[in-house]
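A.B. asks: Below are the sequence and a predicted model for it; my questions follow.
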Amino acid sequence: MLQPVGLDQARRIALREGFAGELVVPGDGGYDVSRAVHNGLVDKHPALIARCRSATDVATAIRLARDLELEVSVRGGGHSVSGRAVTDGGVMIDLALLRDVTVDPEASVATAAGGVTWGEFNTATHAHRLATTGGVVSTTGIAGLTLGGGLGYLMAKYGLSADNLTAADVVTADGSHLRASAASEPDLFWALRGGGGNFGVVTSLEYRLHPVAEVTAGLVAHPFPAAGEMLRFWREYTADLSDELVTFAGLVHAPDGSGVPLAAMVVCHCGTAEHAQAELAPLLAYGSPAMVAVDRMPYPGANRMLDAGFPRGARNYWKSSFMQDLDDDLIDVMIERFARAPSAMTAMIYEHLHGQVTRVPVSDAAFPHREPGYNLIMTSVWTDVATDDQNITWTRDTFAAMQPHFAARRYANYLDTDDTGEIVRSAYGPNHARLSDIKRRYDPDNVFHLNPNIEPA
Ligand code: FAD
């Protein structure tokens, strides 16, 4: 482990360079709050937390870390299950104080700082009846999610979050301030749209917005014994969907704390109320649901509907994989394993990909996963510390049992620290070599390595 740096030494250097944010070290009030991330399993102790107020502060923090030979981590929204936003013994560059969002409704553009969450972003853009693709849980950070790709309810109509990124302000490993867009630093701009936090600290992100105000969204739950049939129905249903509809389905537990397992379908339709009603009719008419909660609502409301299932501080261990087909054996194994899930907060969800997200050519941006199909995400979530091993082992064993049905492709934003080597390369697919070249140009010393890492070529 790296040596802790003394507060006085750090402060002297930072003040000399005009650091305007807060420097927090072990023992300071606020240290434990600042080092905590969404995943309660993560318990790391940085030597220094640099709570930045500007891009200049970020550059100072990077220089400070490099001068002191300390490892660098970057926290946007602090949501990554991997916990790589925080480092043991290094400098955590914390963007939580950078929360501005400005919207230009005439140009349909929003500019948001690196510490903004999707809830904050959506509130600001909804005031103008505009939105862009973001994560499906409102407490997730825009920065980490967008840099890794960004799957969400609007992706079939408008592409990934990364596909809607039009520019970014970046502080690179040598402290340079760069503007990345199609016109400026185009290789860096390409790499930022799927290459994650490998290339620098993104202090501001500019997005294209779309006319989305109300959506038809919600959840339909069926009794667990109907899970196999429901998933087979949903598989057929997803064969031909309009770009307005994004749907997920899988196995969950009743949110009332009873622990009752359920089969569920989640929908978000961004078309007109009439179009949504017509397209959702077969799904709503299917079988004998235990619960139907689908309604017309403002888009920010749809973005909050799954929040309660992912409380801050709960313990998380996730696995995921893309696949082209949902075959019957996979459905059967999934159901059989889920019935033995150790936690009543755990879910196994298929995210369906079609429409615009799958039409963008693989080489247009760093995110390579453009095949229509499904992404399975196993979100193991629990609160009892004593059951850590049980939950992690169950997740690993279940994933291994389903592995033969998966494609060899993973989503970078869902990888954990034990996903290494070929698994990380598979997250970048055919774009890995170009990313590695660009990494050499912008971060030759691999300062930004706490991520699904791309080594400099
Ligand atoms: P952080 O933990 O702050 O950062 C994670 C990593 O991103 C950092 O280690 C760093 O490498 C990089 N990073 C973050 N901010 C910056 C920055 N400003 N500059 C440079 N690098 C940075 N993903 C989806 O695509 N769609 C979803 O719907 C979705 N839902 C989720 C729901 C939950 C409950 C959770 C826990 C995760 C979800 N994710 C989803 C995954 C999510 O994309 C990643 O966890 C992502 O890293 C979150 O971004 P963050 O800024 O909050 O993360």
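C.D. replies: Great, that's in hand.
A.B. asks: Now do the contacts for E351.
C.D. replies: Taking C-beta atoms under 8 Å, 6 or more residues apart in numbering as the contact definition, E351 lies against 151, 248, 374-377. Where you see a C-beta, it was placed from the backbone N, CA and C, and this is true even at glycine.
A.B. asks: Can you give me the pLDDT of the closest residue to it other than its chain neighbours?
C.D. replies: In this structure, E351 finds its nearest non-sequential neighbour in N375, 4.5 Å apart by C-beta to C-beta, 6 or more residues apart in numbering. In this model, N375 is scored at 97, pLDDT.
A.B. asks: Just to be sure, N375 is in a strand?
C.D. replies: Yes. Applying DSSP: H, G, I helix; E, B strand; the rest coil, one finds N375 inside a strand.
A.B. asks: Return the helix or strand in this structure with minimum mean pLDDT.
C.D. replies: helix 7-16 (a mean of 75; mean pLDDT, DSSP states H and E).
A.B. asks: What is it packed up against?
C.D. replies: strand 22-24, strand 48-51, helix 55-67 (3 or more C-beta pairs under 8 Å, 6 or more residues apart in numbering; DSSP states H and E).
A.B. asks: Do I have it right that I438 meets R193?
C.D. replies: No. Contact criterion C-beta atoms under 8 Å: I438 and R193 do not qualify, at 11.6 Å.
A.B. asks: Could you identify the most distant pair in the contacts of E351?
C.D. replies: Farthest apart among the contacts of E351 by C-beta to C-beta are L151 and L376. That separation is 12.4 Å.
A.B. asks: Is it possible to get TSV of the helices and strands packed on helix 7-16 that adds distance to the ligand, mean neighbour count and mean pLDDT?
C.D. replies: Shown next, in TSV, are these (distance: least, C-beta to the nearest ligand atom, whole Å; neighbours: other C-beta atoms under 10 Å; pLDDT from 0 to 100):
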stretch	distance to the ligand	mean neighbour count	mean pLDDT
strand 22-24	16	20	93
strand 48-51	13	26	96
helix 55-67	9	22	95
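A.B. asks: one step back: measure how far the direction of the least confident helix or strand of the chain deviates from that of helix 55-67, in degrees.
C.D. replies: Compare the direction of helix 7-16 with that of helix 55-67 by axes from the mean of the first three to the mean of the last three C-alpha atoms, to 10 degrees and you get 130 degrees.
A.B. asks: on that earlier part again, show me the one of the helices and strands packed on helix 7-16 that comes nearest D295.
C.D. replies: Ranking the helices and strands packed on helix 7-16 by proximity to D295 (C-beta to C-beta) places strand 48-51 first, at 39.5 Å.
A.B. asks: now the closest one, how far from the centre of its chain.
C.D. replies: Offset of strand 48-51 from its chain centre (C-alpha atoms, centre = their mean, to the nearest Å): 23 Å.
A.B. asks: Parallel or antiparallel, list what pairs with it.
C.D. replies: strand 22-24 (antiparallel), strand 91-94 (parallel) (DSSP bridges).
A.B. asks: got the contact list for the first one?
C.D. replies: In this structure, residues lying in contact with strand 22-24 by C-beta under 8 Å, 6+ apart are 7, 10-11, 14, 30-31, 34, 48-51, 97.
A.B. asks: What residues sit buried inside the top helix by length along the chain?
C.D. replies: Secondary structure of the chain per DSSP state H: the longest helix is helix 388-402. Buried residues in helix 388-402, counted by 16 or more other C-beta atoms under 10 Å: 391-392, 394-395, 398-399, 402.
A.B. asks: cool, and stretch 354-367?
C.D. replies: Neighbour counts over stretch 354-367 (16+ other C-beta under 10 Å) mark 354-357, 360, 364-367 as buried.
A.B. asks: Just the endpoints, please. Distance across that stretch?
C.D. replies: End-to-end distance of stretch 354-367 (C-alpha to C-alpha, to the nearest Å): 15 Å.
A.B. asks: How about stretch 216-234 and the ligand, any contact?
C.D. replies: No. Stretch 216-234 lies out of reach of the ligand by C-beta under 6 Å from any ligand atom, never closer than 13.5 Å.
A.B. asks: coming back round to it: now secondary structure and pLDDT too, for the buried residues of stretch 354-367, in a markdown table please.
C.D. replies: Formatted as a markdown table, those follow (DSSP: H, G, I helix; E, B strand; the rest coil; pLDDT from 0 to 100):
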| residue | secondary structure | pLDDT |
| --- | --- | --- |
| H354 | coil | 98 |
| G355 | coil | 98 |
| Q356 | helix | 98 |
| V357 | helix | 98 |
| V360 | coil | 98 |
| D364 | coil | 98 |
| A365 | coil | 98 |
| A366 | coil | 98 |
| F367 | coil | 98 |
